[in-house]
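Undergrad: output the structure for:
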Amino acid sequence: MADPVELFRIYEMGTCAYMEVLDLNTGRRRPVRESKPIFSSAAAAWEGFFVEEDRALELELTDVCSLYHSITLVMDAPMSFEWKSGGRWASETISPGQITIVPARLPFSVRHPTSGRFVTVALEPNFLLSATSELGALEPIEPICSLVTEDSFLRELILGLRAEACNTRPEGRLYAESLASTLAVHLARKYSAQKTPVRDYRGGLTKFQLRRVVEFVQEHLSENISLTALAGVAGLSSFHFARMFKQSTGLAPHQYLIRSRVMKAKELLQVRNTGIADVAAHAGFCDQSHLAVHFKRVCGLTPSAFVQRMLPPEPRSAANGTPSGAGQTAAHAPSQRNGHRNGNS
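TA: Numbers count the residues shown, from 1 in each chain. A predicted model of the protein is given here:
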């Protein structure tokens, strides 16, 4: 049987679309199952981690190791399975709400019958190293194997990532990366053999760091900004950047990004003859309806209502006090309104 560490170095590359393991007898990657999962975050193109939900089918894996640190939450029915890792076979049962943690590179065999649904978060080893780089550990952090785990905080993080996997909106990536970084640090602090001191980062970002981050956001509003990119601008790990940014601004990075995009849209809407659909695209929103949802939440009214409020009042007739254009037909309505109405949300 091949050395899992050496094989892992060969295959340590970008995230695949679905869960895979490394077959230690052949030295090749193989999917955990042939069928596609119920859903996966593969379409979101997250970097360093992914999420998938599936229904347990009859399965047997022999002499394999995971390519990722896998954290699996059982959803709706007890899952019984047999497990072997460096010793004898053992039988385990996981109840709904409980979690299994299997680190990368750990050789194991497993078999289980058909059961209920489960959600798996898979972290690439390099993502864990990056997220925990500022914890001060003396050696690279590796999670330990824990087959039956009760952890309400970890469960909420998994469910949060599951929800974001269903969200294709641009700001979803930033929030998902924040959740995944928090999950990685939680793993390192609670489920690793290494001691990880807790550092206190009170006071937030320096003025220089904050200015650089704000400038970066403004310059890339229409792009799919990642938490890794923002943290890199500040020179911090993703986890500590997210905490320090919120201390400085009162907003999480994804909340600040949404607000910045709304403010940019508000500025563009004040330009005459600019359609709302075009404004949405230039401000970094998926579409007009996406802009409308966030614009109303931040500004208290829809983009179309904001545009109408910006229009000058119609001149009134001195004779009867009615608008002078009241008798015009729709075909002769003022052109300045049509420019905005074509893009109403």
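Undergrad: which residue ranges of the chain form helices?
TA: 4-11, 125-131, 152-165, 171-190, 207-219, 227-234, 238-249, 253-269, 276-283, 288-299, 303-310, 335-341 (DSSP state H).
Undergrad: now render the ones you listed as JSON lines, adding distance to residue 31 and mean neighbour count.
TA: For glycine as for every other residue, the C-beta is placed from the backbone atoms N, C-alpha and C. Shown next, in JSON lines, are the helices of the chain (distance: least, C-beta to C-beta, whole Å; neighbours: other C-beta atoms under 10 Å):
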{"stretch": "helix 4-11", "distance to residue 31": "14", "mean neighbour count": "14"}
{"stretch": "helix 125-131", "distance to residue 31": "19", "mean neighbour count": "21"}
{"stretch": "helix 152-165", "distance to residue 31": "19", "mean neighbour count": "18"}
{"stretch": "helix 171-190", "distance to residue 31": "22", "mean neighbour count": "23"}
{"stretch": "helix 207-219", "distance to residue 31": "38", "mean neighbour count": "14"}
{"stretch": "helix 227-234", "distance to residue 31": "27", "mean neighbour count": "20"}
{"stretch": "helix 238-249", "distance to residue 31": "29", "mean neighbour count": "21"}
{"stretch": "helix 253-269", "distance to residue 31": "32", "mean neighbour count": "20"}
{"stretch": "helix 276-283", "distance to residue 31": "37", "mean neighbour count": "20"}
{"stretch": "helix 288-299", "distance to residue 31": "34", "mean neighbour count": "18"}
{"stretch": "helix 303-310", "distance to residue 31": "45", "mean neighbour count": "17"}
{"stretch": "helix 335-341", "distance to residue 31": "51", "mean neighbour count": "13"}
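Undergrad: among these, which comes closest to residue 38?
TA: helix 152-165 (10.6 Å; C-beta to C-beta).
Undergrad: which helices and strands sit right next to that closest one?
TA: Judged by 3 or more C-beta pairs under 8 Å, 6 or more residues apart in numbering; DSSP states H and E, the packing partners of helix 152-165 are strand 49-55, strand 69-74, strand 99-102, strand 117-123, helix 171-190.
Undergrad: who's in contact with the shortest one?
TA: If you take C-beta atoms under 8 Å, 6 or more residues apart in numbering as the criterion, strand 99-102 is touched by 66, 69-74, 94, 108, 143-151, 154-155, 158, 187, 191.
Undergrad: pLDDT score assigned to residue 338?
TA: pLDDT recorded at residue 338 is 41.
Undergrad: picking up where we left off before, which of the contacts of strand 99-102 are buried? Put it as a PyMOL command.
TA: In PyMOL, the members of the contacts of strand 99-102 classed as buried (16 or more other C-beta atoms under 10 Å) are selected with the following command:
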select buried, resi 66+69+70+71+72+73+74+94+108+143+146+147+149+151+154+155+158+187+191
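Undergrad: so which of the helices and strands packed on helix 152-165 is nearest residue 43?
TA: Per C-beta to C-beta, nearest to residue 43 of those: strand 49-55, 10.1 Å.
Undergrad: what strands line up against that closest one, and which way round?
TA: When pairing is defined by DSSP bridges, strand 49-55 lines up against strand 39-40 (antiparallel), strand 117-123 (antiparallel).
Undergrad: angle of the longest one against strand 69-74?
TA: Interaxial angle of strand 117-123 relative to strand 69-74 (axes from the mean of the first three to the mean of the last three C-alpha atoms, to 10 degrees): 160 degrees.
Undergrad: thinking again about what came up before, can you tell me which of the strands paired with strand 49-55 is most buried?
TA: Greatest average neighbour count among the strands paired with strand 49-55 goes to strand 117-123 (a mean of 23), per mean count of other C-beta atoms under 10 Å.
Undergrad: Throw the helices and strands packed on helix 152-165 into TSV and include distance to residue 209, thanks.
TA: Conversion of the helices and strands packed on helix 152-165 to TSV gives the following (distance: least, C-beta to C-beta, whole Å):
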stretch	distance to residue 209
strand 49-55	25
strand 69-74	30
strand 99-102	34
strand 117-123	26
helix 171-190	17
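Undergrad: could you dump those to TSV with mean pLDDT?
TA: Below are the helices and strands packed on helix 152-165 laid out as TSV (pLDDT from 0 to 100):
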stretch	mean pLDDT
strand 49-55	90
strand 69-74	94
strand 99-102	94
strand 117-123	93
helix 171-190	87
